[in-house]
Structures are given as C-alpha cells and as structure tokens.
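Novice: The sequence and its predicted three-dimensional model are supplied below.
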Amino acid sequence: MRAMGLRWPVRLAGALDASGRERFGVVGSPNAAGAPVPPALRRFLSAQGRADLSHPDASTWTAAEALSPIAWLTGRPLVPAPG
C-alpha cells in the first residue's frame, strides 16, 4: 500500500442522537499517547501525521474525552477499554 499523506486521521468527531442529529462535536486530532498505533495504520500517515502523533498539541482529544458526549447522550457511564 502507498502512504496517502494523511495527517493524523481524525480532525472532527461527532456524536449523533437517536434521530441522527449531531448533538456534540469534538474538533482536533486524537491523542494516542500510551496507546500504540498499529503499523498497518501508521503506514498511512505522512511525515507530518507521524510528527503529530509523536508530539500531540493542546487541540488533541483523548478516548475518555471522546466517550464523554456519548455517555451524556445515552445517560450511561462509559469508560475506555484497557489498552
């Protein structure tokens, strides 16, 4: 496979309600600190994407931050699976 020059994959993540309406959005790249990215996915990253992965900035979000709006929408506590 050829690298596609992608920056770290996600810039916007959203949560939809049962009617399909967007209820919450998170802008920024995911922060994968402490969670290894599989080599098959890493190959799709550009040099900038790999740098972003190695040195996340303040605009990144964690798995717990991404699960928070889903927990709010469902009314159920959610926790990330252990790595």
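Specialist: All right, it came through fine.
Novice: C-alpha only now, for contacts and for neighbours.
Specialist: OK.
Novice: Which parts of this protein are helices?
Specialist: Under the criterion DSSP state H, helices of the chain are mapped to 39-42, 47-54, 63-74.
Novice: What residues sit buried inside the longest one?
Specialist: Of the residues in helix 63-74, those buried under the neighbour-count criterion (16 or more other C-alpha atoms under 10 Å) are 66, 68-70.
Novice: how much space between Pro38 and Thr62?
Specialist: 17 Å (C-alpha to C-alpha, to the nearest Å).
Novice: of these two, who's got more company?
Specialist: Between Pro38 and Thr62, counting by other C-alpha atoms under 10 Å, Thr62 is the more crowded of the two (13 against 8).
Novice: and the helices of the chain, which one is worst for confidence?
Specialist: For those, mean pLDDT drops lowest on helix 63-74, to a mean of 80.
Novice: Which strands or helices does it pack on?
Specialist: strand 12-16 (3 or more C-alpha pairs under 8 Å, 6 or more residues apart in numbering; DSSP states H and E).
Novice: hmm, back to that, among the buried residues of helix 63-74, which one lies nearest to Leu16?
Specialist: Ranked by distance to Leu16 (C-alpha to C-alpha), the buried residues of helix 63-74 are led by Ile70 at 8.4 Å.
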